[in-house]
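Q: Sequence first, predicted coordinates after that:
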Number of protein chains: 2
Amino acid sequence: MFVDKINIQEKFLKFSDYWSPKVIAEMSDYQFKLVKIKGKFTWHDHKDTDEVFIVIEGCMRIEFRDNQVELREGEMFVVPKGVEHKPVADDECKIMLIEPRGVANTGDAGGQLTADDNIWI
Amino acid sequence: MFVDKINIQEKFLKFSDYWSPKVIAEMSDYQFKLVKIKGKFTWHDHKDTDEVFIVIEGCMRIEFRDNQVELREGEMFVVPKGVEHKPVADDECKIMLIEPRGVANTGDAGGQLTADDNIWI
């Protein structure tokens, strides 16, 4: 078998743009994506799937309509499907997302921040 | 919304047994599990699903019948479904597994190392 391991920090060296998730691995029909974030993202939800955030470096928060959660390195959070959320990072933060293949970063909200959902690095 | 974030290292403080994965989160029908490993596991495969290994602390290797891969902190590997593998760690290693709910740690191999597949911490 061909073995191709993934070094997460090395993958982060391959891009510098914000809010544009890059796919690093697939597991069945789910994808692992890395993304650098800074500033405020748009309010959105994902109607059909939960979405997992894992902070690899830095800190961020996820705002909800009635609450928010602060996440630091080594912390994770599952945003349930259908729940509106808005990721925010005051400084650059590196995160891993896990979600099904084909999920747009802006969900149903669309807009200028919508990224190609299948760029591999 | 009730927000309950997960701190991965704090979860590792809650158990000390080896080769017995603990569930920390669910995303749709997938589970995130933490496991401490040391020594050699049994040869096994998972007929119906890929399985993701992410090394949180320490190092390990995954042996295949014709190859092997060494994984250190911050590295991940996707074992394709149906591929026989044998996880090994010379010293204690802390890893995260991602796989569908209901997957047994020993796959179809069974045996004494088979753990309850749905213990939450």
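A: Happy to help now that I have it. Note that the coordinates shown come from a computational prediction; the quantities given were computed from them, not determined experimentally.

Q: And the most centrally placed residue in chain A, what's its pLDDT?
A: For chain A, A:L97 is the residue whose C-alpha lies nearest the centre (C-alpha atoms, centre = their mean; 3.8 Å). pLDDT for A:L97: 97.

Q: Distance check, it against chain B.
A: 10 Å (C-beta to the nearest C-beta, to the nearest Å). The way it works is simple: take the backbone N, C-alpha and C, and place the C-beta from them, glycine included.

Q: What's the local residue count around the residue lying closest to that residue once chain neighbours are set aside?
A: Excluding the flanking residues, the one nearest A:L97 by C-beta to C-beta, 6 or more residues apart in numbering or on different chains is A:K33, at 4.5 Å. Here the number of neighbours of A:K33 (other C-beta atoms under 10 Å in any protein chain shown) works out to 23.

Q: pLDDT wise, what is A:V83 at?
A: 95.

Q: just A:E57 next, same as before
A: A:E57 is given a pLDDT of 98.

Q: Pretty sure it sits against A:R72.
A: No. Using C-beta atoms under 8 Å, A:E57 makes no contact with A:R72, being 9.6 Å away.

Q: hang on, the earlier thing: for the residue nearest to A:L97, give the beta-bridge partners.
A: Beta-bridge pairing for A:K33 (DSSP bridges): A:V23, A:L97.

Q: from memory it sits against A:V23, does it?
A: Yes. Applying C-beta under 8 Å as the test, A:K33 and A:V23 come out as touching, 5.3 Å apart.

Q: what sits against the residue nearest to the centre of chain A?
A: Shown in contact with A:L97 (C-beta atoms under 8 Å, 6 or more residues apart in numbering or on different chains): A:21, A:32-35, A:51-54.

Q: now, among the residues you listed, which is nearest to A:Q9?
A: A:L34 (9.7 Å; C-beta to C-beta).

Q: give the contact list for the closest one.
A: A:L34 neighbours (C-beta under 8 Å, 6+ apart): A:8, A:11-12, A:15, A:21-22, A:24, A:56, A:94-97, A:121.

Q: What is the burial count for A:D90?
A: 12.

Q: again but with A:T42, I slipped
A: So A:T42, with other C-beta under 10 Å, has 16 neighbours.

Q: Tell me how far it lies from B:F41.
A: Using C-beta to C-beta, to the nearest Å, we find A:T42 at a distance of 44 Å from B:F41.

Q: Look up phi and psi at A:Q9.
A: phi -60, psi -40 (degrees, to the nearest 10).

Q: Hmm, it is touching B:G74, no?
A: Yes. Using C-beta under 8 Å, A:Q9 is in contact with B:G74, at 5.5 Å.

Q: Which of these two has more residues huddled nearby?
A: Shown here are A:Q9 and B:G74; by other C-beta under 10 Å, B:G74 has more neighbours (16 against 13).

Q: Quick check: nearest residue in space to the more buried one, chain neighbours excluded?
A: Leaving aside its sequence neighbours, B:G74 sits nearest to A:I8 (C-beta to C-beta, 6+ apart; 5.0 Å).

Q: Backbone dihedrals for that neighbour, both of them.
A: Taking degrees, to the nearest 10 as the convention, A:I8 sits at phi -60, psi -50.

Q: and chain A, which residues reach chain B?
A: A:1-3, A:5-9, A:24-28, A:30, A:32, A:49-52, A:64-71, A:74-78, A:80-81, A:83, A:98-100 (C-beta under 8 Å from any C-beta of the partner chain).

Q: Narrow the residues you listed to just the buried residues.
A: A:5-6, A:8, A:24-25, A:27-28, A:30, A:32, A:49-52, A:64, A:69, A:71, A:74-78, A:81, A:98-100 (16 or more other C-beta atoms under 10 Å in any protein chain shown).
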